[in-house]
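1. curious how this folds, go ahead:
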Amino acid sequence: MKKLKGIVSHFLMLPAIVIGTIAMVSYGVPTSIWIQNSLIWIMGTVFGAVFLIQRKEKQFNNGRSSQIIMILVLLILPFFFNGLEGVHRWLIIGPINLYIASIVLPLLIIQLWKINNRDYYVFGLILVTFTILLFQPDAGQLSAFAFAATIILWKKIVSGILKFLSITLTGAFVITSWIFLDDLAPVPYVEDILFLVSDLGNVWFIIGIFSLLLLVCPFFLFGSKGFVSLSLGVYFLITMIVTFIGNFPTPIMGYGISPIIGYIISITFITKYFHT
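-> A predicted model of the protein is given here:
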């Protein structure tokens, strides 16, 4: 029964999903589009519940190279699909476009945290990820991952010189990504969903902002028990902040099943291992 209580965390997504759906409906977005967020949330919550009631692994601080390699391969795969105006961020599976970074980067953060006593290995993997995101290009995801990775690097790296080098290179990658921003126009119900919400009224806009902030609360709550939770919280917080300064998808509230999948993976993980 105690484990089942953890599923409550999945319902923190509902306010943002509902508000985004109302805004999309008012804007005239077809049902076939806005309903996808709700359907993937339902499916994810069911799978999350199944995972939560399983026995907890006794040891999870054991990053597996095979899983990390698979994550990096998935990040690279969009380069083999037709991009949009030189931007390669999506895996195209039939009618479904997966914004792959928003799915696998939370997984990568978890895997990097599991690696023990291999700071140069962790540093190298993070630099490889930065490079892939820089060439996609995706300043939003690169920035979010960079802030999360900084927490991981700071805790795992012992050498002061390597710490300084990691912070310097991380800053360089982030700055470069914002210098070479893509020219893709925003989609109203994806990147500009908050503007659609604000059109409903100031009260709706304020509620919408709070619904987004609600999403990161459990990560910072569990942050006192594990820095991986803090890293994930920072990652999701930055994905929200960058939407105000660039044309990047607003997670959970805007149309897009990929950020919802990434969030479900993250919230299920920290609930599984840090819920008391």
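
2. roughly how far is stretch 212-229 from the heart of the chain?
-> If you compare the mean C-alpha spot of stretch 212-229 with that of the full chain, they lie 13 Å apart, counting by CA atoms, centre = their mean, to the nearest Å.

3. so that it lines up with my notes, have the first residue be 680 from now on.
-> Sure thing, new numbering starts at 680, so read that last one as stretch 891-908.

4. now the end-to-end length of it.
-> Terminal residues of stretch 891-908 lie 17 Å apart, using CA to CA, to the nearest Å.

5. likewise for stretch 730-748?
-> Taking CA to CA, stretch 730-748 runs 23 Å from one end to the other.

6. same check, this time on stretch 790-809
-> End-to-end distance of stretch 790-809: 16 Å, with CA to CA as the criterion.

7. what is the mean pLDDT for it?
-> Over the span of stretch 790-809, the pLDDT mean works out to 86.

8. how about stretch 880-891?
-> The average pLDDT for stretch 880-891 rounds to 95.

9. Thr810 and Phe852, how far apart?
-> The spacing between Thr810 and Phe852, counted by CB to CB, to the nearest Å, is 8 Å. Using the backbone N, CA and C atoms, a C-beta is placed for each residue, glycine as well.

10. no no, Gly699
-> Using CB to CB, we find Gly699 at a distance of 31 Å from Phe852.

11. cool, and Leu894?
-> 26 Å.

12. can I assume Trp720 sits in a helix?
-> Yes - with the criterion set as DSSP: H, G, I helix; E, B strand; the rest coil, the secondary structure at Trp720 is a helix.

13. distance-wise, check it relative to Leu786.
-> Summarising the geometry, the distance separating Trp720 from Leu786, computed by CB to CB, is 18 Å.

14. quick one: which of Gly699 and Phe852 has more around it?
-> The residue with more neighbours, out of Gly699 and Phe852 and counting by other CB atoms under 10 Å, is Gly699; that gives 29 against 22.

15. checking the spatially closest residue to the more buried one that is not a sequence neighbour next. Helix, strand or coil?
-> For Gly699, the nearest residue in space outside its immediate sequence neighbours is Met932; the separation is 3.8 Å by CB to CB, 6 or more residues apart in numbering. The assignment at Met932 comes out as coil when based on three-state DSSP.

16. quick one: residues contacting the residue nearest in space to the middle of the chain.
-> Ranked by distance to the mean C-alpha position of the chain (CA atoms, centre = their mean), the top residue is Ser781 at 4.5 Å. Counting by CB atoms under 8 Å, 6 or more residues apart in numbering, Ser781 makes contact with Gln820, Thr918, Pro928, Pro930, Gly935, Ser937, Pro938, Ile940, Gly941.

17. quick one: which of these has the most company?
-> Taking other CB under 10 Å to define a neighbour, the member of those with the most is Thr918, carrying 31 neighbours.

18. all helices for the stretch 780-929 of the chain, in order.
-> Assigned helices in the stretch 780-929 of the chain, in chain order: 780-793, 798-814, 818-835, 839-858, 872-878, 881-900, 906-920 (criterion: DSSP state H, counting those that start in this stretch).

19. can you tell which of the ones you listed is closest to Val704?
-> With distances scored as CB to CB, the stretch of the helices of the stretch 780-929 of the chain nearest to Val704 is helix 872-878 (9.9 Å).

20. check which residues of that closest one are buried.
-> Of the residues in helix 872-878, Ile872, Leu873, Leu875, Val876, Ser877 count as buried by neighbour count, 16 or more other CB atoms under 10 Å.

21. in contact with the third one, which residues?
-> When the contact criterion is CB under 8 Å, 6+ apart, the partners of Leu875 are Ala702, Met703, Ser705, Tyr706, Pro867, Tyr868.

22. hmm, 7 Å instead?
-> For Leu875, the set of contacting residues under the criterion of CB atoms under 7 Å, 6 or more residues apart in numbering consists of Ala702, Tyr706, Pro867, Tyr868.
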